[in-house]
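*Asks:* What follows is a predicted structure for the sequence shown.
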Amino acid sequence: MKGLQHIVIFRLSAMGDVAMTVPVIRALVEQHPNLRVTVVSRPFFKPFFKGINRVDFYAVDVKKKHKGFLGLIRLYKDIKRLKPDYFADFHNVLRAQIVRSLFKLSGIPTAALDKGRTAKKELTRAENKVFQPVQTMVENHVQTLKKLGISVDLSNPVFPTIPPLSAELALYNKDQDKTWIGIAPFAQYDSKVYPLDLMQNVVDELAEQENNLIFLFGGGEKEIALLNQLKRDNDNVIVMAGKVKLDVEMNLIQHLDVMLSMDSGNAHIAAMLGVKVVTLWGATHPFAGFTPFNQPMEYCLTADRAQYPLLPTSVYGNKKVEGYEDAMRTIAPHTVCSKVVEVAQKNKK
């Protein structure tokens, strides 16, 4: 590649999937100084890419301007005006396929994500299960770029430097010497959520150590109410849901010593920022390709397959299997706390 060339990377949702593009894009521009990137995604995700050199953001308006087939035509024309040399489809759903096809017809090199559906189906099926890791989503993104002749090496990832605490979080400056623990106890599907009574035990046990400062993450009225329930009267447990915007929440996450999360978006946000993450897995499994970036497998605590041999039963957690509702109860709260403390001490900021 000669001269400064321009690649458009298309990924609209979901939060965790968009977050998993960030380490790849950060490495891409660092390893290819002759390349600039425009990320095409939903406006909410713009803070993910803030501060990355030679990376611009184009916000898609799926509710009005870019809604429907005619809206996708407008989206194609809008992106075309940016004069891209390549179009990388990191989503590969119908909406993305239409836009990608238009670019291909216009003569611009395109490539699309291979989601590895066959391997994932073999991993999650009940009979003749093939219990081995599939290629991760981050690796899939790298392979997508490779189809365009662009190589990316993720063996030595670079993460953003930790900025000062945001002004909105200034009241916590006095607690910088404490161990900062983030907990994101929710996920899109119930099969991926650690039972609330057990999570209460985790929060209470961690809160017993006065030197721990625990931040609870979530969103929406229902989750806020549950987070306040988890907090109880612990002064060192703070509910962050609904208090700050995404960019400030990301600033706080960068200052954590560890994040405890379900198989959900918060795990991937923490990972893309270089924070170590302990994840809890129920119906899903890290083998399905959604292990948070640059996290060792021992940070993934999974339900007991000896008791629940059909696990994983789902790639995304949207499939329910009768008799498997309590699979996550095989992960003991004390085991969770021990791992969180271990990882926090190892990665104390």
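*Replies:* Thanks, I have it. Not measured: the values here are computed from a predicted model.

*Asks:* Could you list the residues in contact with stretch 106-125?
*Replies:* 80, 84-92, 96-97, 100, 103-104, 128-132, 134-135, 140-141, 143-145, 147-148, 285, 287-289, 312-315, 319 (C-beta atoms under 8 Å, 6 or more residues apart in numbering). From N, CA and C alone the C-beta is placed, and that goes for glycine too.

*Asks:* Return the subset of those lying in strands.
*Replies:* Secondary structure defined by DSSP state E assigns Tyr86, Phe87, Ala88, Asp89 of the contacts of stretch 106-125 to strands.

*Asks:* for Pro133, what are its contacts?
*Replies:* Residues touching Pro133, when contacts are defined by C-beta under 8 Å, 6+ apart, comprise Pro286, Phe287, Gly289.

*Asks:* returning to what we had before: just the ones of the contacts of stretch 106-125 in helices?
*Replies:* With helices taken from DSSP state H, the overlap with the contacts of stretch 106-125 comprises Lys80, Ala96, Gln97, Arg100, Phe103, Lys104, Asn140, His141, Gln143, Thr144, Leu145.

*Asks:* now that we have those residues, which one has the most neighbours?
*Replies:* His141 (25 neighbours; other C-beta atoms under 10 Å).

*Asks:* can you list the domains in this structure?
*Replies:* What automatic domain parsing lists as the domains of the chain is 5-146, 175-346.

*Asks:* With respect to Leu154, which of these lies nearest?
*Replies:* Go through the domains of the chain one by one with C-beta to C-beta and the one that ends up closest to Leu154 is domain 5-146, at 5.7 Å.

*Asks:* Next, count neighbours for the residue nearest to Tyr189 when sequence neighbours are not counted.
*Replies:* Spatial nearest neighbour of Tyr189, chain neighbours left out: Gly317 (3.7 Å); criterion: C-beta to C-beta, 6 or more residues apart in numbering. Each residue near Gly317 was counted by other C-beta under 10 Å, and the total is 24.

*Asks:* any idea whether Gly317 is helix, strand or coil?
*Replies:* coil (DSSP: H, G, I helix; E, B strand; the rest coil).

*Asks:* now swap in Leu301 and tell me
*Replies:* Leu301, by the three-state scheme (three-state DSSP), is strand.

*Asks:* just Thr118 next, same as before
*Replies:* Thr118 ends up helix, using three-state DSSP.

*Asks:* can you give me the helices for the chain?
*Replies:* Taking DSSP H, the helices of the chain run over residues 15-19, 22-31, 68-80, 94-105, 117-124, 137-146, 196-207, 221-231, 246-254, 265-272, 333-346.

*Asks:* Which one, of the ones you listed, ends up nearest to His6?
*Replies:* Nearest to His6, of all these, is helix 68-80, at 10.5 Å by C-beta to C-beta.

*Asks:* about what we covered before: which one of the contacts of Pro133 has the most neighbours?
*Replies:* Counting by other C-beta under 10 Å, Phe287 has the largest number of neighbours within these, with 23 neighbours.

*Asks:* Flag the shaky bits of the stretch 51-200 of the chain, pLDDT-wise.
*Replies:* For the stretch 51-200 of the chain, no stretch has pLDDT under 70.

*Asks:* which residues touch Glu30?
*Replies:* Residues in contact with Glu30, defined by C-beta under 8 Å, 6+ apart, are Asn53, Val158.

*Asks:* any idea how far it lies from Thr313?
*Replies:* Here Glu30 is placed at a distance of 39 Å from Thr313 (C-beta to C-beta, to the nearest Å).

*Asks:* try Leu171
*Replies:* For Leu171 relative to Thr313 (C-beta to C-beta), the value is 44 Å.

*Asks:* and those two? which has more neighbours close in?
*Replies:* Taking neighbours as other C-beta under 10 Å, Leu171 and Thr313 compare with Thr313 leading, 21 against 9.
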